[in-house]
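Participant: Sequence and predicted structure below; questions after.
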Amino acid sequence: MNIGITVYPTYGGSGIVGSELGKELAARGHTVHFISSALPTRLTELNERVRFHEVEMMSYPLFEHQPYTLALATKMSTVAESEKLDLLHVHYAIPHSISAILARESIKAHQRLPVITTLHGTDITLVGADRSYLPITRYALEQSDGVTAISNYLKQATIEHFQFDRIEVIPNFVCPDEYKPKIDCDLRNALSPDGAPVMVHVSNFRPVKRPVDCVEILARVLKKTKARLVMVGDGSERTNAIHRARCLGVADNCVFVGKQPRIVDYLCASDILLLPSEQESFGLAALEAMAVQVPVIATRVGGLPEVVDDGETGFLSPVGDVDQMADNALRLLSDKDLRRQMGRHARASATSRYSTDLIIPRYIEFYKTVLGH
Ligand code: GMT
């Protein structure tokens, strides 16, 4: 198949999932055309089967705001015609689905171009449910030729917000060969020179990820044992987290390493993952940590209970309950056997339910169903 994929290139899990999906489809013989405002960050290698088409923005004094939705729609339709795309698969409903629907309609006299929308989370729970965006998001869902969501939770949330249930659940995935435990003593020593156990947090540091809670957890853990907190990523809450670490007197026990190209290395160099999110429709970071045998301390929200088995592959707590999350972290940090056992269960759970070999064929089947093959 010739597949057009659109993602947000720089921000968050939906871009990662869309990019990794494209690479996996190409590895299975399909040709994938990424149509986006910039090269997606996870798309490090382009080739005959993985191509990139940049959305060009026209600068015109009359436009106070650049009409990205229209520029994207234009690019989608021209690429669809020139590359004979079989379908467009967009990640995140607003505005990508609307652009794709416009592109489909603009060429429908001479080319069929089904639109598949994958919902990732805040496109439904925040953006879509904001009253001002509700009608256009409902239109995007109803007009898409196929809709997928990344968890049962997100499917239910979409039904509740939009009374729309024509949704296939296809979860996030992880490649077990790429995400496997490995010992990198150099990185671990660099992150924790005194050998203290490492807690890692990976996110885009938006308020919804509550990275400040990680610092609160660290401060509580340090009252009982040595520990190091490694904060991977960047975003608006980074400054608040650094400030809180200083206020709590734990700044010397944590390190903010910013955005990193190889998240897997940081996960492998860590003992537990902290994911104290306010909302998480799946929790890709949890899945990636589990795949490398790192147990997860997370919140019981959204799709996380579908991913993390409380007491088996990690521990779940109410949002903001930093005392309980610190207690759970301490249990794991002070008991190597428990940590290893949970880590082994975590990898088994991640690879038996969410490996690329299981999930990518489900997308391909879904494409075929929508195309009527
Ligand atoms: O909904 C979002 O916040 C956007 C999205 C993103 O692009 O960062 O994140 C979501 O998509 C990921 C990949 O499918 C999921 O693993 C995340 O759980 C989800 N984030 C939230 O729901 C907050």
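Facilitator: Nice, I can see it.

Participant: Find the nearest non-adjacent residue to Lys180, please.
Facilitator: Val292 (6.3 Å; Cβ to Cβ, 6 or more residues apart in numbering). Glycine gets a C-beta too; all of them are placed from N, C-alpha and C.

Participant: And the residue of the stretch 101-250 of the chain that's closest to the ligand?
Facilitator: Of all residues in the stretch 101-250 of the chain, Gly121 sits closest to the ligand, at 2.6 Å by Cβ to the nearest ligand atom.

Participant: Flag the shaky bits of the stretch 1-150 of the chain, pLDDT-wise.
Facilitator: The model of the stretch 1-150 of the chain has pLDDT under 70 over residues 11, 128.

Participant: what does it put close to the ligand?
Facilitator: With Cβ under 6 Å from any ligand atom as the criterion, the stretch 1-150 of the chain meets the ligand at residues Gly12, Gly13, Ser14, Gly15, Val17, His120, Gly121, Thr122, Ile150.

Participant: Let me see the contact set for the nearest residue to the last one once chain neighbours are set aside.
Facilitator: Counting by Cβ to Cβ, 6+ apart, the nearest residue to Ile150 once its immediate chain neighbours are dropped is Phe282, at 4.5 Å. Under the criterion of Cβ atoms under 8 Å, 6 or more residues apart in numbering, the contact list for Phe282 reads 13, 120-121, 150-151, 154, 171-172, 302-304, 306-307.

Participant: May I ask which helix or strand encompasses Phe282?
Facilitator: Using DSSP states H and E, Phe282 is not contained in any helix or strand.

Participant: so Glu278, which of the three states?
Facilitator: coil (DSSP: H, G, I helix; E, B strand; the rest coil).

Participant: if we can go back for a sec, pull the number of nearby residues for the residue nearest to Lys180.
Facilitator: Burial of Val292 is recorded as 26 neighbouring residues (other Cβ atoms under 10 Å).

Participant: Could I have the buried ones of the contacts of Phe282 as PyMOL selection syntax?
Facilitator: Remark: buried members of these, expressed as a PyMOL selection using 16 or more other Cβ atoms under 10 Å:
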select buried, resi 13+120+121+150+151+154+171+172+302+303+304+306+307
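
Participant: possible to save the contacts of Phe282 as CSV with secondary structure?
Facilitator: Shown next, in CSV, are the contacts of Phe282 (three-state DSSP):
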residue, secondary structure
Gly13, helix
His120, coil
Gly121, coil
Ile150, coil
Ser151, coil
Leu154, helix
Pro171, coil
Asn172, coil
Gly302, coil
Gly303, coil
Leu304, helix
Glu306, helix
Val307, helix
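
Participant: Give the helix, strand or coil label for the residue nearest to Thr41 when sequence neighbours are not counted.
Facilitator: Nearest residue to Thr41 in three dimensions, chain neighbours excluded: Thr10, at 6.0 Å (Cβ to Cβ, 6+ apart). Following three-state DSSP, we place Thr10 in the coil state.

Participant: contacting residues around Thr10?
Facilitator: With Cβ under 8 Å, 6+ apart, Thr10 has these contacts: Ala38, Pro40, Thr41.

Participant: in stretch 88-105, what counts as buried?
Facilitator: Those would be 88-104, for stretch 88-105 by 16+ other Cβ under 10 Å.

Participant: okay, how far is it across that stretch, tip to tip?
Facilitator: 12 Å (Cα to Cα, to the nearest Å).

Participant: Stretch 248-265 now?
Facilitator: Using Cα to Cα, the two ends of stretch 248-265 sit 28 Å apart.

Participant: picking that back up, what's the nearest residue to the residue of the stretch 101-250 of the chain closest to the ligand if we skip its chain neighbours?
Facilitator: Ser281 (3.4 Å).

Participant: isn't the one you found right up against Thr125?
Facilitator: Yes - if you go by Cβ atoms under 8 Å, Ser281 and Thr125 touch, sitting 6.9 Å apart.

Participant: Now the common contact residues for the two.
Facilitator: Leu154, Ala157, Gly302.

Participant: circling back: next up, the contacts around the residue of the stretch 101-250 of the chain closest to the ligand.
Facilitator: Gly121 sits in contact with Gly13, Ser14, Ile150, Leu154, Gln279, Glu280, Ser281, Phe282, Gly302, where contact means Cβ under 8 Å, 6+ apart.
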